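*Asks:* Prediction below, plus the sequence it came from.
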Amino acid sequence: MPKENLKKIEWTEPDGTPISCEEKLKVLNDNLDEIQQVCQDSLEDAVLMGCDEDRVRKIFDTVVRGVKNPHTKAEPKN
């Protein structure tokens, strides 16, 4: 995603309410910029080392989908 498109992302609360706090938006956007740069650098390294680009992108997707939310309430065990 081009960096100019990252700035157009609308951050929302779970109920869809837009995040309006400037400090929160700055942190969220800075984090996204960092993630984008690390992914860009990693993709370039992988391709230069001979990896298949589509496979690398699938691996990145798997990594992102595997990120856990530490604030999710645990399901009660029976």
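*Replies:* Arrived safely. Numbering: from 1, shown residues only.

*Asks:* low-confidence ranges in this structure?
*Replies:* 1-7, 75-78 (pLDDT under 70).

*Asks:* Which positions in the top helix by length along it come out as buried?
*Replies:* Assignment by DSSP state H gives helix 22-48 as the longest helix of the chain. Buried positions in helix 22-48, judged by neighbour count with 16 or more other C-beta atoms under 10 Å: 32, 39, 46. Glycine gets a C-beta too; all of them are placed from N, C-alpha and C.

*Asks:* any idea which of those is closest to residue 16?
*Replies:* residue 32 (19.3 Å; C-beta to C-beta).

*Asks:* hang on, isn't that closest one packed against residue 9?
*Replies:* Yes: Residue 32 lies in contact with residue 9 (C-beta atoms under 8 Å); the separation is 7.0 Å.

*Asks:* Next SSE downstream of the longest helix of the chain?
*Replies:* Remark: after helix 22-48, the chain's next helix or strand is helix 53-65, criterion DSSP states H and E.

*Asks:* If we go by neighbour counts, what in that following helix is buried?
*Replies:* For helix 53-65, the neighbour count (16+ other C-beta under 10 Å) marks residue 56 as buried.

*Asks:* What is that helix packed up against?
*Replies:* Contacts defined by 3 or more C-beta pairs under 8 Å, 6 or more residues apart in numbering; DSSP states H and E place helix 53-65 against helix 22-48.

*Asks:* what angle separates the helix it packs on from helix 53-65?
*Replies:* Interaxial angle, helix 22-48 versus helix 53-65 (axes from the mean of the first three to the mean of the last three C-alpha atoms, to 10 degrees): 150 degrees.

*Asks:* in the sheet, who's paired with residue 12?
*Replies:* Beta-bridge partners for residue 12, by DSSP bridges, are residue 18.

*Asks:* pretty sure it contacts residue 25?
*Replies:* No: here residue 12 does not reach residue 25: they are 11.3 Å apart, not a contact under C-beta under 8 Å.

*Asks:* Pull up the overlap in contacts between those two.
*Replies:* Both residue 12 and residue 25 are contacted by residue 19, under the criterion C-beta atoms under 8 Å, 6 or more residues apart in numbering.

*Asks:* helices and strands around the longest helix of the chain, which ones?
*Replies:* helix 3-6, helix 53-65.
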